[in-house]
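Engineer: when you get a sec, could you give me coordinates for this:
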Amino acid sequence: MPGRLSILIAEDSAADRLLLSTIVSRQGHRVLTADNGLEAVQLFERERPQLVLMDALMPVMDGFEAARRIKTAAGETLVPIIFLTSLTESEALVRCLEVGDDFLAKPYNQVILDAKIRAMDRLRRLQDTVRRQRDLIAKHNEHLVNEQRVAKAVFDKVAHSGCLGAANIRYLQSPFALFNGDLLLAAFKPSGGMHVLLGDFTGHGLPAAIGAMPLAEVFYGMTAKGFSMAEILREMNAKLKRILPVGVFCCAVLLNLSFQRRVVEVWNGGLPDGHLLRAGGVERIPLVSRHLPLGVLEPANFNESYEVHALAPGDRIFLLSDGVLETRDASGQMYGEERLLQVLTAGHPPAALFDEIKRSLAAFRGEAQDDVSMIELSMVEEGAIQRPPLAFTDSGQSSPLDWSASFEFRAETLKRFNPLPFLLQLLMEVQGLRAQGGALYTVLAELYSNALEHGVLGLDSRLKADADGFARYYRERSQRLQALQDGFVRFDLALCPLPDGGSLRIDVQDSGTGFAVVDVLDLQPGAGCLSGRGLRLVRQLTHQCEWTVDGRGISVEFRWAAQA
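Structural biologist: Numbers count the residues shown, from 1 in each chain. Presented below is the predicted three-dimensional model:
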């Protein structure tokens, strides 16, 4: 037995109207009656009954027009209309079903009428359930989309806070979903070079992007603090191995591009071959994957070894995710490596190559089956790119501003440990020093190399008078360092607040015999000389610079203004 319904009976025959009212009332329903179509419409708009029994042929307004108006007034709510008719022609009965939901032939059968009311009530309830569920799904979907938009905005700010807009970088990212399983990161190092990472997490969308934020934080934070590529790789692998579920990992290529040394260091773990394209267009060097992806191996088994390639101005490095090669056309055929190589070796002008690859993909008319990412990096002269501030993952406002510390690095440590990232990491916690991060790293590097190489190891910088001497110098440096039994380099750091900002004083001492600083500064290096510039550079980059009388120590000072 259905619940008690409110049923409108529209019938111009008083006898039929009374008969139907009696039958329906005895079935337990509330009855409303009208004797023509116009009255039925007006009564429906006022009372909103749940079901209508409508005579097809009535005066003033026939049942067909009245049914159309009632359906319009009901909107999305299903109000079943059962036509009451003595018509027998097929076209007339079809018309009843076109504007209504069912029909009942005269004379009326009480059992059939009851069955049709029950059936229409089930249909009405089902439609009402579907409509409520649809509205609930739409509400949840709107909530989910809004959450994803907020998460995407945060994700983009974390993942794209580096230097992808640098003049020597061109890139394309075409996400298969709102969240991108591919990750493109680029950041300047304090020394002036650049770290670039292209990553591709398993899958796509939000599950694939879940590891991107911790990976980006490691990349930007360690790059800004001067850590080497090998150290960054080890930390990224260890973190992903620790937080990602089994079966989720990140195929990646990490580059360390040095404009000063004109080399690129390449680590490829699971991505398609990258390509080093020489400026003359006659040579293409594949950058092959030689490692497992990040997050697969335990830290003890991870291999951070990389390849080194010399670069010349105009050389270009092209990296891509597997979504490029797996792009498919309408017939399901993949774009593939062969088509990419045809573009790379077709002799296009270097400056146009990236656009040619994009045009080739568009002409293939493929549909992305995965996230699609490409990046091109150009080797340029040192100083040709204006560096933005270093990218940090914290604000730097929580560091104390009045402290001092001393660090003494002895022989066994000097053999195996580069203290510069350690010291820079400590100093870059100070917000006021971050704007001078590049200069600070350069000065620390010069002071440390001077103390280690000339003080502790006793090397003569005059060996670096030419390229051959430069190579001999560093062979000798490696040999002496490995044989080192004693000696030290000491850093004394003192951070002091000032009324208009702050001051950092760095004192460096070594265990060497000392040297005549004035004599070195008085030397005028020749045009091709590869030595003698370090101490002059230190003086240029610091607020104050002083040497001890014995030449075994140096003191420099950085100052910064208070931020508004």
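
Engineer: C-alpha only now, for contacts and for neighbours.
Structural biologist: Noted.

Engineer: tell me where the stretch 351-500 of the chain has strands.
Structural biologist: 372-378, 403-410, 488-498 (DSSP state E, counting those that start in this stretch).

Engineer: also the stretch 101-250 of the chain?
Structural biologist: When assigned using DSSP E, counting those that start in this stretch, the strands of the stretch 101-250 of the chain occupy the ranges 102-105, 169-174, 182-188, 194-201, 250-258.

Engineer: pLDDT (mean, whole number) over the third one?
Structural biologist: Think strand 182-188. This predicted structure assigns strand 182-188 an average pLDDT of 89.

Engineer: what lines up beside that strand in the sheet?
Structural biologist: For strand 182-188, sheet partners with direction are given as strand 194-201 (antiparallel), following DSSP bridges.

Engineer: next one: the partner strand to chain centre, how far?
Structural biologist: The chain centroid and the centroid of strand 194-201 are separated by 11 Å, computed with CA atoms, centre = their mean, to the nearest Å.

Engineer: next, the angle from it to strand 250-258.
Structural biologist: Here strand 194-201 points in a direction 170 degrees away from that of strand 250-258 (axes from the mean of the first three to the mean of the last three CA atoms, to 10 degrees).

Engineer: what does strand 194-201 contact?
Structural biologist: Counting by CA atoms under 8 Å, 6 or more residues apart in numbering, the neighbours of strand 194-201 from elsewhere in the structure are 181-189, 208-209, 211, 223, 229, 248-258, 271, 319-321.

Engineer: buried sites along it?
Structural biologist: Met194, His195, Val196, Leu197, Leu198, Gly199, Asp200, Phe201 (16 or more other CA atoms under 10 Å).

Engineer: which pair of those spans the longest distance?
Structural biologist: Comparing all pairs in these by CA to CA, the longest separation belongs to Met194 and Phe201, at 22.6 Å.

Engineer: kindly report the domain assignment for the protein.
Structural biologist: The chain resolves into domains spanning 6-130, 160-378, 403-561 when parsed by automatic domain parsing.

Engineer: follow-up on the earlier one: just say which of the strands of the stretch 351-500 of the chain is most tucked in.
Structural biologist: Among the strands of the stretch 351-500 of the chain, ranked by average contacts under mean count of other CA atoms under 10 Å, first place goes to strand 372-378 (a mean of 22).

Engineer: so where's the stretch 351-500 of the chain uncertain?
Structural biologist: Segments of the stretch 351-500 of the chain classed as low confidence (criterion: pLDDT under 70) are 366-370, 388-400, 464-467.

Engineer: if we go to 80?
Structural biologist: For the stretch 351-500 of the chain, the stretches with pLDDT under 80 are 365-371, 382-384, 386-401, 461-471.

Engineer: ok, now the stretch 201-350 of the chain?
Structural biologist: Residue ranges of the stretch 201-350 of the chain with pLDDT under 80: 203-210, 280-282.

Engineer: now the helices for it?
Structural biologist: 206-209, 212-224, 229-243, 322-325, 336-344 (DSSP state H, counting those that start in this stretch).

Engineer: which among those helices is found nearest to Ala362?
Structural biologist: Scanning the helices of the stretch 201-350 of the chain with CA to CA as the criterion, the closest one proves to be helix 322-325, at 11.2 Å.

Engineer: packing partners of the closest one?
Structural biologist: Counting contacts by 3 or more CA pairs under 8 Å, 6 or more residues apart in numbering; DSSP states H and E, the secondary-structure elements packed against helix 322-325 are helix 336-344, strand 372-378.

Engineer: next, the buried residues of stretch 240-255.
Structural biologist: Of the residues in stretch 240-255, Leu240, Lys241, Val248, Phe249, Cys250, Cys251, Ala252, Val253, Leu254, Leu255 count as buried by neighbour count, 16+ other CA under 10 Å.

Engineer: neighbouring contacts of it?
Structural biologist: Contacts of stretch 240-255 with the rest of the structure, by CA under 8 Å, 6+ apart, involve 194-202, 208, 211, 215, 229, 264-271, 292-298, 319.

Engineer: what is the end-to-end distance of that stretch?
Structural biologist: Distances were taken as CA to CA, to the nearest Å; on that basis the terminal residues of stretch 240-255 are 19 Å apart.

Engineer: can you give me the offset of the biggest helix by length in the chain from its chain's centre?
Structural biologist: Counting by DSSP state H, the longest helix found in the chain is helix 110-159. In terms of CA atoms, centre = their mean, the gap separating the centre of helix 110-159 from the centre of its chain is 32 Å.

Engineer: any idea of the angle that helix forms with helix 212-224?
Structural biologist: Calculated by the same axes, to 10 degrees, helix 110-159 forms an angle of 10 degrees with helix 212-224.

Engineer: helix 110-159 packs against which elements?
Structural biologist: On a contact count with 3+ CA pairs under 8 Å, 6+ apart, helix 110-159 meets strand 182-188, helix 212-224.

Engineer: for the ones you listed, which one sits closest to Cys96?
Structural biologist: Among the helices and strands packed on helix 110-159, the nearest to Cys96 by CA to CA is strand 182-188 (57.7 Å).

Engineer: just to revisit the earlier point, nearest to Ser360, out of the helices and strands packed on helix 322-325?
Structural biologist: Using CA to CA, the nearest of these to Ser360 is helix 336-344, at 7.6 Å.

Engineer: with adjacent residues omitted, what lies nearest to Ala411?
Structural biologist: By the measure of CA to CA, 6 or more residues apart in numbering, the closest residue to Ala411 outside its immediate chain neighbours is Asp486, 5.0 Å from it.
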